[in-house]
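Peer 1: for reference, the sequence and a predicted model appear below.
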Amino acid sequence: MKYKIKYDKSKCIGAASCAKIAPDTWKLDDQGIAVQLKKEFTDEELDKQTKAAKSCPAHAIEIYDEAGKKIV
Ligand code: SF4
């Protein structure tokens, strides 16, 4: 199954936990705001990606499955 990551940059407060958990998907820019490096992933990354999304204190990261169901 494929999953989509939705990111609302305007909510990001630079907590950096997303980049710590999933550095292949999130990095911080010069202002300390997260930049999304990846928009889709598959099952083997589900654990890591949901952890990263859930770690965001600003709820800036959402994950949806193929059917459009919200997972995080
Ligand atoms: S965890 Fe959330 S608030 Fe922190 S850098 Fe990532 S997107 Fe921004």
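Peer 2: Everything's here; your move. Numbers count the residues shown, from 1 in each chain.

Peer 1: C-alpha from now on. contacts and neighbour counts both.
Peer 2: Fine.

Peer 1: so residue 35: helix, strand or coil?
Peer 2: Under DSSP: H, G, I helix; E, B strand; the rest coil, the three-state class of residue 35 is strand.

Peer 1: wait, isn't it in contact with residue 23?
Peer 2: No: at 10.5 Å, residue 35 does not count as touching residue 23 under the criterion of Cα atoms under 8 Å.

Peer 1: overlap in contacts, the two.
Peer 2: Shared contacts of residue 35 and residue 23 (Cα atoms under 8 Å, 6 or more residues apart in numbering): none.

Peer 1: list the buried residues in the longest helix anywhere in the chain.
Peer 2: The residue-count maximum for a helix in the chain (DSSP state H) belongs to helix 46-55. Within helix 46-55, the residues that count as buried by 16 or more other Cα atoms under 10 Å are 46, 49, 50, 51, 52, 53, 54, 55.

Peer 1: tell me the mean pLDDT over that helix?
Peer 2: Average pLDDT, helix 46-55: 98.

Peer 1: now, among the buried residues of helix 46-55, which is nearest to residue 14?
Peer 2: Looking at the buried residues of helix 46-55 and their distance to residue 14, the nearest is residue 55, at 11.9 Å (Cα to Cα).

Peer 1: mind listing what the closest one touches?
Peer 2: 17, 18.

Peer 1: one more time with 10 Å, if that's ok
Peer 2: 15, 16, 17, 18, 20, 21, 49, 61 (Cα atoms under 10 Å, 6 or more residues apart in numbering).

Peer 1: of those, which is the most crowded?
Peer 2: For those, neighbours were counted using other Cα atoms under 10 Å, and residue 18 has the most, 26 neighbours in all.

Peer 1: which strands and helices sit next to the host helix or strand of it?
Peer 2: Assigned by DSSP states H and E, residue 18 belongs to helix 17-21. If you count contacts as 3 or more Cα pairs under 10 Å, 6 or more residues apart in numbering; DSSP states H and E, helix 17-21 packs onto strand 26-28, strand 34-36, helix 46-55.

Peer 1: let's see it at 8 Å
Peer 2: Packing partners of helix 17-21 (3 or more Cα pairs under 8 Å, 6 or more residues apart in numbering; DSSP states H and E): strand 26-28, helix 46-55.
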